[in-house]
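> My questions concern the predicted model and sequence given below.
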Amino acid sequence: MMSSKKLTSILLIASILISTSVQVSAINTQQTVAEESTLATTENNSEETTSVNRWENSTENMTTVEERATEIVLKKDSNKTTQQESQTTIDKVTVKSIVTSTKSLVLENGESRKLTIETDPLDIDKNTLTWQSTNNTIAEADKDGNIIAKGVGSCTIKVYADDGSDVYGYCAVTVTQKVQNFAFKDAPRTMEIGEQITVATNIIPLSATNKILRWTSSDKTVATVSQKGTVTAVGNGKCTITAKTIDGSEVIQSFEVECNGTVAPVEEKIKVTSVSAVAIRKIIKENTSFKMETTVSPSNASNKTLTYTTSNSKVATVDENGNVNAVGKGNCVIYASTKDGSNLRTGCVVTVEENAQSVQFTRKSVVCRVDETVDLKPKSVPDGTALPDVVYRSTNPNVVTVDKNGVITTLAKGSCQIICISADGMKVYDKSSIVVGQPVSSIKIHGSDTVYLGSSTTLTARIYPFDADNKEVTWNSSDNSIATISRDGTVYGLSEGKVTITCQAKDGSEVFATKQLTVEEKPDAVQQLINVAKEQVGNGPSKYRQWYYDYEGSGIPWCAIFVSWCFDQIDGLGKYIVASAGAGSIARESVASGLSGEWHESEYSDSSTTPQIGDVIEFVWNGNGRYFSQDRYFSDHVGIVYDVDDDYVYTIEGNTGSDDDDKSSVKFKLYDRTSGVINGYYRPDYTK
């Protein structure tokens, strides 16, 4: 029996041994965790038994422990300074960067999504990070990065390091609201032929992001309906008027209307035979106007509408009603042309004479920086005359000063007006508005070049420089009958065609950018898949690995990840392909999981096989059509078939280099249809 004094000594020494081990382990945490994780499964049971036996052993074993503990105690003082310095170094480690899994996120109201992060260093305690939202009424985040959509709008989710480093990551969140239901207001049950009724609708909820409806008539020979809900009765009978949401909510409502009456006979169209101007010459002063009078024959012409144009808009302009406005000294011709196809035209020669002399600023609105000099370029009117005796005044000399020549110097941020007045102060000639700050210098529009009919896509504007004072923009569509665009840049496709989208800065800098969009019918699922795959050609593995692993792992074969990613981009197709990192597992896992699809052997193995566009092609590099020691789906590589002819099968493949080559990319390739490197084809059922 060991004495209690000796036992106490041994326990004290063992305690010191354990304490010393813990300090060493703290410095090598990552290596230790990895080693323990590897050994945990295989050594768990045996370790428990060994541990019990070790402490129940003979006095000789206890003595060995005592000697080992004594040795560490002797070394403790000599290592104390080094350990303390190491611990101090560890305590001073701060976060260098925080990167969120995505920089932008679009959520439906009430939807939630987890936002993951990657820090440098990687082993930062996530409990030392703080999650914040710039607007909790739109979206908020919990301590684990779960983003919850609360209300329609946009905000930014930020995750901060609490170590004083001021490092943070962010994600821009946009919350949308789909239509839940809608109801017709005063929908007609009967109509007289020729009658028109616009049907109003109540959209639920009022906060729905996209309230546009697509209207259709079951029989256009009975009644037609415009995309604004205007129903026109054109023939006898009954038809159904249907309205459907285009925001993806698939809400449909309809009503039946019965049309009665007499169909009016088609009137004979009578074309214009002559058109003439009442006055063929006009002499007017600058800034005056008159209406161009015309005579159209015959008086019963079906369409007597005229189109007005000017030969020189710097001399005179004309509106759609023939109102002419004199702009500057000179001569021009105002033309009036028929619109009924008769191709007739008349004209009036207009001479504009100069008014009394005045002064105008060439630059009526200026946005500039502090410590900048800008010439407002005052000029005399009419052109060519000497400037009268004038003076210039600034309404806020603390922001902008102006010299005797109309040249301004900016002193501080703010705004003011520069006024040009006569030297005697009796007349104000012109004014120029000045804003001093950081103006927008350029805009870039990012987003898809295509929007499908009845669907939407969102464009974003990147403002340069990033520290511009006013980053607000306005969006406009060149043709709202083809596509409209909302204030947040969401484009809605209404009819097939092309439109130009314009994004303009609202800070007065007059900077703008344009982007052409095509509105077209949505292609079928196979064509969508091929379109998506083709757009990836030339890309490396980064975004596909990020999608699959939630981090940009390197040295990981990614051909199958690429195929799964492509299918995941198409609505409803994710169910056909198992998200997979293994080249040979696409077909095997899909079939085994009971997904809708078929396996077809290669033409090398089965001459009756015919590959099709949209097939997932699998390869074996031994050239024998299969590894006979494996199941028939086992493969080395995988891609997507985008075309087939009598001799070749054409593919799009990721990881076209070696497995550990991060410089490999997505490429177009082709193979002889009877090649032994083709194992076979997995063909999803795209119709379900």
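Looks like it came in fine. Residues are numbered from 1 along each chain as shown.
> Next, count neighbours for residue 615.
Residue 615 has 24 neighbours, counted by other CB atoms under 10 Å. Just so you know, the C-beta spots here come from the backbone N, C-alpha and C atoms, and that holds for glycine as well.
> And it, how far from residue 643?
11 Å (CB to CB, to the nearest Å).
> same thing with residue 674?
As judged by CB to CB, residue 674 and residue 643 stand 17 Å apart.
> try residue 251
In terms of CB to CB, residue 251 sits 39 Å off from residue 643.
> The two: which is more packed in?
The neighbour comparison of residue 251 against residue 643 (other CB under 10 Å) goes to residue 251, with 18 against 14.
> tell me the contacts of the more buried one?
Each residue near residue 251 by CB atoms under 8 Å, 6 or more residues apart in numbering is listed here: 179, 180, 181, 182, 244, 245.
> so which of these comes closest to residue 145?
Closest approach between these and residue 145, by CB to CB: residue 180, at 28.8 Å.
> Checking my notes, residue 182 in a helix, right?
No: counting by DSSP: H, G, I helix; E, B strand; the rest coil, residue 182 falls outside a helix, being strand.
> so what's it up against?
Going by CB under 8 Å, 6+ apart, residue 182 touches 201, 202, 203, 204, 213, 243, 245, 251, 253.
> Among the residues you listed, the buried ones, what's the ChimeraX command?
Restricted to buried positions by 16 or more other CB atoms under 10 Å, the ChimeraX selection for the contacts of residue 182 reads:
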select :201,203,213,243,245,251,253
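> Narrow the contacts of residue 182 to those in strands?
Among these, the members found in strands (DSSP state E) are 201, 202, 203, 204, 213, 243, 245, 253.
> Make TSV from those and add pLDDT to it.
What follows is the ones in strands among the contacts of residue 182, written out as TSV (pLDDT from 0 to 100):
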residue	pLDDT
201	93
202	93
203	92
204	92
213	93
243	95
245	94
253	93
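> can I get the residues you listed in TSV with distance to residue 135?
Shown next, in TSV, are these (distance: CB to CB, whole Å):
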residue	distance to residue 135
201	30
202	28
203	24
204	24
213	30
243	33
245	27
253	34
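> Could you single out the nearest of these to residue 312?
When these are compared against residue 312 (criterion: CB to CB), the nearest one is residue 213, at 45.5 Å.
> That closest one touches residue 243, doesn't it?
Yes: Residue 213 is within contact range of residue 243, at 4.3 Å (criterion: CB atoms under 8 Å).
> if I look at the two, which residues touch both of them?
Joint contacts of residue 213 and residue 243 (CB under 8 Å, 6+ apart) are 182, 201, 229.
> And those, which is closest to residue 194?
Closest approach to residue 194 among these (CB to CB): residue 229, at 18.1 Å.
> what about the closest one, distance to residue 204?
Distance from residue 229 to residue 204, counting by CB to CB: 17 Å.
> Then residue 163?
48 Å.
> Greatest separation within the contacts of residue 251: which pair is it?
Within these, 180 and 244 form the most distant pair, 14.1 Å apart (CB to CB).
> Can you give me the end-to-end span of stretch 448-462?
15 Å (CA to CA, to the nearest Å).
> residues making contact with that stretch?
The contact list for stretch 448-462, computed with CB under 8 Å, 6+ apart, reads 104, 106, 174, 210, 214, 246-248, 443-447, 473, 475, 483, 485, 488-496, 501, 503, 513, 515-522.
> Okay, buried residues for that stretch please.
For stretch 448-462, by 16+ other CB under 10 Å, it's 451, 452, 453, 454, 455, 456, 457, 458, 459, 461.
> cool, and stretch 502-514?
Buried, per 16+ other CB under 10 Å, within stretch 502-514: 502, 503, 504, 505, 507, 508, 509, 511, 512, 513.
> Quick check: residue 621 touching residue 636?
Yes: between residue 621 and residue 636 there is a contact at 4.9 Å, judged by CB under 8 Å.
> between the two, which one's more packed in?
residue 636 (16 against 12).
> picking that back up, just the buried residues of stretch 448-462 now: which is nearest residue 328?
Nearest to residue 328 among these, with distances taken as CB to CB, is residue 461, at 35.9 Å.
> Next one: that closest one from residue 592, what distance?
From residue 461 across to residue 592, the span is 47 Å (CB to CB).
> Also residue 221?
54 Å.
> swap in residue 573?
In terms of CB to CB, residue 573 sits 19 Å off from residue 592.
> Between those two, tell me which one has more neighbours.
Neighbour count, other CB under 10 Å: between residue 573 and residue 592, residue 573 has more, with 19 against 12.
> shouldn't that one be in contact with residue 524?
No: here residue 573 does not reach residue 524: they are 11.1 Å apart, not a contact under CB under 8 Å.
> Quick check: neighbours shared by the two?
residue 686.
> just the helices in the stretch 551-688 of the chain please.
Using DSSP state H, counting those that start in this stretch, the helices assigned to the stretch 551-688 of the chain run over residues 559-568, 585-592.
> winner for burial among those helices?
helix 559-568 (a mean of 25; mean count of other CB atoms under 10 Å).
> how far is it from where the chain is centred?
Helix 559-568 has its C-alpha centroid displaced from the chain centroid by 21 Å (CA atoms, centre = their mean, to the nearest Å).
> hmm, back to that, with respect to residue 116, which of the buried residues of stretch 502-514 is nearest?
Closest to residue 116, out of all of the buried residues of stretch 502-514 and judged by CB to CB, is residue 503, at 31.7 Å.
> Mind telling me what element the closest one is part of?
Element membership for residue 503, per DSSP states H and E: strand 497-505.
> which secondary structure elements does that strand contact?
strand 442-446, strand 473-477, strand 483-485, strand 512-520 (3 or more CB pairs under 8 Å, 6 or more residues apart in numbering; DSSP states H and E).
> Let's have those in a markdown table, adding mean pLDDT and distance to residue 129.
A markdown table is the format used below for those (pLDDT from 0 to 100; distance: least, CB to CB, whole Å):
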| stretch | mean pLDDT | distance to residue 129 |
| --- | --- | --- |
| strand 442-446 | 94 | 29 |
| strand 473-477 | 96 | 33 |
| strand 483-485 | 95 | 37 |
| strand 512-520 | 94 | 37 |
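> Surely residue 97 touches residue 122?
No: with contact defined as CB under 8 Å, residue 97 does not reach residue 122; the gap is 10.8 Å.
> Could you check which of those two has the larger neighbour count?
For residue 97 versus residue 122, neighbours defined as other CB under 10 Å are more numerous around residue 97 (14 against 8).
> Name the residues linked to that one by a beta bridge.
Beta-bridge partners of residue 97, counted by DSSP bridges, are residue 120.
> got any ranges where this protein has weak pLDDT?
For the chain, the stretches with pLDDT under 70 are 1-92, 264-267, 355-356, 658-662, 687-688.
> Closest to residue 148 out of the contacts of residue 182?
Distances from residue 148 to the contacts of residue 182, taken by CB to CB, are shortest for residue 204, at 22.5 Å.
> Hmm, the closest one is touching residue 181, no?
Yes: using CB under 8 Å, residue 204 is in contact with residue 181, at 4.6 Å.
> List the contacts of residue 175.
Contacts of residue 175 were listed using CB under 8 Å, 6+ apart, and they are 106-109, 138-139, 149-155.
> what's the closest non-adjacent residue to it?
Closest residue in space to residue 175, ignoring its immediate chain neighbours: residue 149 at 4.3 Å, by CB to CB, 6 or more residues apart in numbering.
> How about residue 284?
Per CB to CB, 6+ apart, closest to residue 284 is residue 326, 4.9 Å.
> Would you confirm that that neighbour contacts residue 285?
Yes: contact between residue 326 and residue 285 holds when scored by CB under 8 Å: they sit 6.5 Å apart.
> contacts for stretch 466-474?
Contact with stretch 466-474 is made by 413, 437-441, 443, 461, 463, 487, 503-507, as judged by CB under 8 Å, 6+ apart.
> Swap in 10 Å and give it another go.
Here stretch 466-474 makes contact (CB atoms under 10 Å, 6 or more residues apart in numbering) with 367, 369, 413, 435-443, 445, 461-464, 485, 487, 489, 502-509, 511-513.
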